[in-house]
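1. sequence first, then the predicted structure, then my questions.
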Amino acid sequence: MLVLGLAGLAGVYVVRSGRIDDLGVWWRTHRAWSAAEELASGPLVPLQVGGPEAASFAERLAELGRLFRAIDEEPVPEWLEEAPAAAGEPRPSSITAEARAAMVLMLERDRAVDVEVPGVDGGDVVRAFGERVAVLRRGRVFVLSEAAAELDEGVDAPEGMGRPLALERHFDLPRDRVLYWDELFVHRRADGYELVVAGIGSRGTVLVRLDPDGDEPTERLDFPSVGSFVHHGHDVRVFGDTLVAYVEKPVAHDEDGARRVRDFEVTRDLEAVEVERVLYAPLVPIEGPMVHSFVRCDLAEVPASCRVQSFLGSRGASVFFSGTAAYLWYGGDHRDESEPPSAVVRLPHDGGPATALRTHGLAGESSGWHEEDGVLHVAIGTEGWEPLDGGPRVEARLELFSVPIATFDTQASPAPSDAFRARRAPAEDTRLVGNYAHRWVGGRLAVVDRTGGPLLVVSSEDGTTSELRLDHRLDRLEAVGDRVVGVGGTGGELSWTLVALDGTPRVLATHVSRAHRVADSELQTFEPRTLPDGTVLVGLPDRVDSPSEGEGKSRIELFRMTSSGWDSLGALVASPDVDERDGCRVSCGAWYRHARPIVWRGRLFGLMGYELVEARVVEGRVEELGRTDFLPEELRGVDAAH
């Protein structure tokens, strides 16, 4: 029967294609996909790297690579070949100015779509610890404190202003094999505090540990990943004494494919170290594999001990860190089904076993994930496509995936059918994962198509969907308390629209600024700050793009939150004609124009570059009290190192 069935399928293929010589291609394709399906048919079982099970799995993976490579190497039929380029046509540059600008925007978007979770440090460029404040900027960490300030005798601080924050010391971060540093974490030890800085190097993710009272970094760790200037490729979190880093790297279809799966070199101070590592087989058929790894390091130890859990999945995965676990969602491939499969894996922070579910669709940015009351909610999308079996076109749609955490198991069972709710077809067939911005606010998900369209609000309780049309296009969504701010605009104007999500979604207020773009893309910029008198502030950072007002100058527009919207309090503006030369060592790109409000020990500051402006709110307006510049004199006016 099996032989007759295969013969029948082959006959259908030949009849549809009209080409007898395509039969060999069909057979090679069938063998490859059968092997991929068999490899992905088992439960979620860890294989100890270096053990016999992992070796056997690597051999099967290598054979799978050979099968798919045989398809890839098949000569292209003449009727599929593209016309040759015209003689003398110039070859495209490896990277254009437009491409580089697009990379910067991609990096900014990566930084903007992250999500904060209580109890888990997601990293930032400003961190308070004890009596001090640390700022990460352009390859250095600056430690500020009141104790470092020296006031002239006989000169008192203005009324309402404490001792100014001043530079206590700074650390030059390593440049060797480092592309940029972008996140700062605080680890509270039993005997004090430790700073951890994360970035991207030539091999992947780079971590440096700093003792704020020491002279040199106490440890450097490098993890292999595809992280680069083009793509983050990593994610780092700290909770308690544990640091978790997610990294990914591709596996090519060549003779070294199996070795690349097995190898995961962790280096400490650029020297290789042994780490415990387990590997999991894919849960859905994949043609272009990617190794997704979670590295867990114990920060209570110096040097830190680390272990690695690696999952073989597909490219384009989504990662989320909740307060209880890390999640990985990756999609699969299939030759003829109308619903490409996917899988979602759960790794508990307490060290419990990995569990999973088999499902469908693709998850997007981590801002589309939400875990609450033992239930996981994820905004997923399915793109429109033409089935290979000749069936009717499957239209694109958005869905809300909601499952109890208890549903996950080590068998990777299928997700229950009632897990998919709030199905909705978009107005146009766009890239549902890449083009949509998400933000959870309480139990409601706000989602919008960045190319245009209404703001959708989905309830996690019953899956009901409401929509709200705005007067401007939105590029991003930010949570501000129990509301959301939509940010976007065109024509040199930047619009900020405050939307209430309770009941029927409605616009509370809109503010338009003459700016080119947001001055700081970190999500922590938009968190509400509360002053001692109960005033709740939100700061909107932008960059002026007008020669008459100071082109490229950062500012922070402050608003007081009210029950009906917000009241404008005025703006804090960076000093004009500031020499931005600082002897930058690394991370010298344009996305480092930090501008954000800070409330520290009941005091209000505006951070803009190296300027720290202290202010207070008097009779509904923000009033500047003083400003300091914490760039050391020996670095002022010094050209960048590279």
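-> Everything's here; your move.
2. can you show me the helices along this structure?
-> Assigned by DSSP state H, the helices in the chain fall at 2-17, 23-39, 52-72, 97-112, 257-262.
3. and the first one, what's its mean pLDDT?
-> In other words, helix 2-17. Averaging pLDDT along helix 2-17 yields 40.
4. which non-adjacent residue is nearest R138?
-> Computed as C-beta to C-beta, 6 or more residues apart in numbering, the closest residue to R138 that is not its neighbour in sequence is C584, at 4.5 Å. For the C-beta atoms, the positions are set from N, CA and C on the backbone; glycine is no exception.
5. ok, the one you found to L173 distance?
-> 11 Å (C-beta to C-beta, to the nearest Å).
6. and for the two, which residues touch both?
-> In terms of C-beta atoms under 8 Å, 6 or more residues apart in numbering, C584 and L173 are both contacted by the residues G139.
7. please enumerate residues in contact with the strand ranked longest in the chain?
-> Longest among the strand segments of the chain by residue count, using DSSP state E, is strand 178-189. For strand 178-189, contacts defined as C-beta under 8 Å, 6+ apart pick out 111, 121, 123-129, 134-136, 139, 141, 173, 193-202, 206, 209, 228-229, 236, 238, 241, 243, 299-300, 586-587, 589.
8. next, the buried residues of that strand.
-> For strand 178-189, a neighbour-count test (16 or more other C-beta atoms under 10 Å) marks 178-187 as buried.
9. how about stretch 620-632?
-> 622, 625, 627-628, 630-632.
10. looking at the residues you listed, which are in strands?
-> Using DSSP E, these in strands are 622, 625, 627-628.
11. possible to save those as JSON lines with distance to G368 and pLDDT?
-> JSON lines is the format used below for these (distance: C-beta to C-beta, whole Å; pLDDT from 0 to 100):
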{"residue": "V622", "distance to G368": "34", "pLDDT": "93"}
{"residue": "L625", "distance to G368": "41", "pLDDT": "91"}
{"residue": "R627", "distance to G368": "39", "pLDDT": "87"}
{"residue": "T628", "distance to G368": "40", "pLDDT": "87"}
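12. I'd say G361 and E399 touch.
-> Yes. Between G361 and E399 there is a contact at 6.1 Å, judged by C-beta atoms under 8 Å.
13. which neighbours do these two share?
-> 380-382, 420.
14. now tell me which of those residues the prediction trusts least.
-> For the shared contacts of G361 and E399, the least confident entry is T382, with 70.
15. list the beta-bridge partners for it.
-> R397 (DSSP bridges).
16. and for it, the neighbour number?
-> Using other C-beta atoms under 10 Å, T382 is surrounded by 23 other residues.
17. first vs last residue of stretch 277-297, how far apart are they?
-> For stretch 277-297, the first-to-last residue distance is 12 Å (C-alpha to C-alpha, to the nearest Å).
18. buried residues in it, which are they?
-> Per 16+ other C-beta under 10 Å, stretch 277-297 contains these buried residues: 277-287, 289-297.
19. residues in contact with A446?
-> Neighbouring residues of A446 by C-beta under 8 Å, 6+ apart: 438-440, 455-457, 477, 484, 499, 501.
20. give me the distance between it and P541.
-> Counting by C-beta to C-beta - A446 and P541 are separated by 21 Å.
21. again with E580
-> Distance from E580 to P541, by C-beta to C-beta: 17 Å.
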